[in-house]
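Undergrad: show me how the following folds:
(one chain, ligands or ions: 1)
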Amino acid sequence: MADFIPFNRPYMTGKELFYIAEAKFQNRLAGDGGYTKRCHQWLEEQTGSKKVLLTHSCTAALEMAALLLELKAGDEVILPSFTFVSTANAFVLRGAVPVFVDIREDTLNLDEKLVEEAITPRTRAIVPVHYAGVACEMDRLMEIAARHGLKVVEDAAQGVMAHYKGRALGTLGHYGAFSFHETKNVICGEGGALLVNSEQAALQAEIIREKGTDRSRFFRGEVDKYTWQEVGSSFLPGEITAAFLWAQLQEAQSITAERLTIWDRYHAALEPLERAGVLRRPVVPGDCQHNAHMYYVLLSPELDRQSVLSRLKEQGIQAVFHYVPLHDSPAGHRFGRVHGSMVQTMTQSSRLIRLPLWVGLTADQQARVVDALQLAVR
Ligand SMILES: *Cc1c(COP(=O)(O)O)cnc(C)c1O
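TA: As a prediction, this is how the structure comes out:
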């Protein structure tokens, strides 16, 4: 049998272990050392965000955003049901109620046309998720938020190096959250970042991240001791993680370019299958410069997804699906509520499969994936 093609293979630039060794020799293993500072500065320059803070995951960055919003029990947060659990969990941890709104048929992003009618006097925030690194309709969402006095937290876990109208994802809302999990484009195992897009919230974000203390100001020499200031926790990664990430950030441009080449190759090769009506390819609106985080297809409703996945597996190809809609999960029923129809969420999530996409995937391997898919849908 031909070689197995995994769904994901974490890419290493080659410098990771060197930087980790350097961190060790500098005897600086706790967080906020030289590597963390380099990552912060690079991310701030690259995105244009006022303040970027590394966290130990995107989940942690979302939890920080929820703390920054000072949510109270019963406050409502509008988000898609078609997303990863952390988008909802971060707010449920603060006692807020996730209000699930349907997605768009084309991008599978939160449907901005349905958001306004879901707003109630308890609504505090909107949490758009940039699925597959393709931006939500942010101009419209920001306009709705401004009119109703709401905050916007972008779940940009998949959106590192992607743009909307030339602006980096994660910098369009009040807060943005990146993920550097090993399944994302730029990685450090487990890791993330909070993007704080106003000077004013930056200090509070530093405090929340450093166990609720003003330790960051103390290290800068701005105060002569550090004390407990706010509710906070430990959200910062250690230097070993930051050293790994630094190696990746330096290659973020070339990683994105390589992934886009692979993405474009799938897109061209699968066009005949779309024309034949057996699947639908991803849609990227003209305003969005995506980062090739993911290549997915939506199978035609007559096809059985499980058997397509099994047939791919028989040919040595690991393809996967996601998400089980949050509103339809045990915790979703317990903690959240649905606004309006979930018809797109239910239909699209049941048809979707994700194909292998990682730096190093060869054109030959991609051709095998496409051939196998052609056979599997026959
Ligand atoms: C990966 C992902 C997360 C979680 O990221 P972690 O870094 O693993 O916490 C959150 N939201 C979305 C949309 C994701 O894809």
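
Undergrad: so how far is the ligand from Lys51?
TA: Note on Lys51: its distance to the ligand, by CB to the nearest ligand atom, to the nearest Å, is 19 Å. C-beta: built from backbone N, CA, C; applies to glycine.

Undergrad: hmm, I was thinking of Gly133
TA: 10 Å.

Undergrad: so who does the residue in the chain sticking out farthest from the centre touch?
TA: In the chain, the residue that sits farthest from the middle, by CA atoms, centre = their mean, is Asp224; the gap is 38.1 Å. Neighbouring residues of Asp224 by CB atoms under 8 Å, 6 or more residues apart in numbering: Phe218.

Undergrad: right, and Phe335 touches Phe91 too?
TA: No - using CB atoms under 8 Å, Phe335 is not in contact with Phe91; the gap is 9.1 Å.

Undergrad: quick revisit: quick check: the residue farthest from the centre of the chain vs Arg217, distance?
TA: 10 Å (CB to CB, to the nearest Å).

Undergrad: got it, and Ser234?
TA: Where Arg217 is concerned, Ser234 sits at a distance of 17 Å (CB to CB).

Undergrad: for Val343, same thing?
TA: 50 Å.

Undergrad: who's more crowded, the two?
TA: More crowded of Val343 and Arg217, by other CB atoms under 10 Å: Arg217, with 16 against 11.

Undergrad: quick one: that one is in a strand?
TA: No - under the criterion used here (DSSP: H, G, I helix; E, B strand; the rest coil), Arg217 is helix, not part of a strand.

Undergrad: residues in contact with it?
TA: Leu203, Glu206, Val223, Tyr226.

Undergrad: who's in contact with the second one?
TA: Going by CB under 8 Å, 6+ apart, Glu206 touches Lys51, Leu53, Asp214, Ser216, Arg217.

Undergrad: who does the host helix or strand of the second one pair up with?
TA: Counting by DSSP states H and E, the element that carries Leu53 is strand 51-55. Each strand that pairs with strand 51-55, with its direction, by DSSP bridges: strand 192-196 (antiparallel).

Undergrad: tell me which stretches of the chain form strands.
TA: 51-55, 76-80, 97-101, 123-126, 151-155, 163-164, 167-168, 175-179, 192-196, 279-280, 288-289, 295-299, 337-338, 352-355 (DSSP state E).

Undergrad: can I get these in CSV with mean pLDDT?
TA: Converted to CSV, the strands of the chain look like this (pLDDT from 0 to 100):
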stretch, mean pLDDT
strand 51-55, 98
strand 76-80, 98
strand 97-101, 98
strand 123-126, 98
strand 151-155, 98
strand 163-164, 98
strand 167-168, 98
strand 175-179, 98
strand 192-196, 98
strand 279-280, 98
strand 288-289, 98
strand 295-299, 98
strand 337-338, 98
strand 352-355, 98
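
Undergrad: want to throw those into TSV with mean neighbour count?
TA: TSV is the format used below for the strands of the chain (neighbours: other CB atoms under 10 Å):
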stretch	mean neighbour count
strand 51-55	26
strand 76-80	27
strand 97-101	24
strand 123-126	23
strand 151-155	27
strand 163-164	21
strand 167-168	18
strand 175-179	31
strand 192-196	28
strand 279-280	19
strand 288-289	22
strand 295-299	22
strand 337-338	16
strand 352-355	21
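
Undergrad: out of those, flag the one nearest Phe244.
TA: Between Phe244 and the strands of the chain, the tightest spacing by CB to CB is seen for strand 51-55, at 11.3 Å.

Undergrad: can you pull out the helices in this structure?
TA: Secondary structure of the chain (DSSP state H): helices at 16-25, 34-47, 58-68, 86-92, 138-148, 199-209, 215-219, 239-249, 252-269, 271-275, 305-314, 330-335, 343-351, 363-376.

Undergrad: what packs against the fourth one?
TA: So the one you mean is helix 86-92. With contacts taken as 3 or more CB pairs under 8 Å, 6 or more residues apart in numbering; DSSP states H and E, helix 86-92 sits against helix 58-68, strand 76-80, strand 97-101, helix 330-335.

Undergrad: closest to the ligand out of those?
TA: helix 58-68 (3.3 Å; CB to the nearest ligand atom).

Undergrad: mind listing what's buried along the closest one?
TA: Cys58, Thr59, Ala60, Ala61, Leu62, Glu63, Met64, Ala65, Ala66, Leu67, Leu68 (16 or more other CB atoms under 10 Å).

Undergrad: so which of the residues you listed are also by the ligand?
TA: Applying CB under 6 Å from any ligand atom to the buried residues of helix 58-68, one finds that Cys58, Thr59 fall near the ligand.

Undergrad: now the buried residues of helix 58-68 in JSON lines, with pLDDT?
TA: What follows is the buried residues of helix 58-68, written out as JSON lines (pLDDT from 0 to 100):
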{"residue": "Cys58", "pLDDT": "98"}
{"residue": "Thr59", "pLDDT": "98"}
{"residue": "Ala60", "pLDDT": "98"}
{"residue": "Ala61", "pLDDT": "98"}
{"residue": "Leu62", "pLDDT": "98"}
{"residue": "Glu63", "pLDDT": "98"}
{"residue": "Met64", "pLDDT": "98"}
{"residue": "Ala65", "pLDDT": "98"}
{"residue": "Ala66", "pLDDT": "98"}
{"residue": "Leu67", "pLDDT": "98"}
{"residue": "Leu68", "pLDDT": "98"}
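
Undergrad: centroid residue for this protein?
TA: Centre-nearest of the chain using CA atoms, centre = their mean is Ala157, 1.5 Å out.

Undergrad: that one against Thr183, yeah?
TA: No - taking CB under 8 Å as the definition, Ala157 is not a contact partner of Thr183, at 9.8 Å.

Undergrad: using a markdown table, lay out the helices of the chain together with distance to Val99.
TA: Output for the helices of the chain, formatted as a markdown table (distance: least, CB to CB, whole Å):
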| stretch | distance to Val99 |
| --- | --- |
| helix 16-25 | 41 |
| helix 34-47 | 28 |
| helix 58-68 | 15 |
| helix 86-92 | 10 |
| helix 138-148 | 13 |
| helix 199-209 | 24 |
| helix 215-219 | 34 |
| helix 239-249 | 34 |
| helix 252-269 | 33 |
| helix 271-275 | 34 |
| helix 305-314 | 28 |
| helix 330-335 | 11 |
| helix 343-351 | 13 |
| helix 363-376 | 37 |
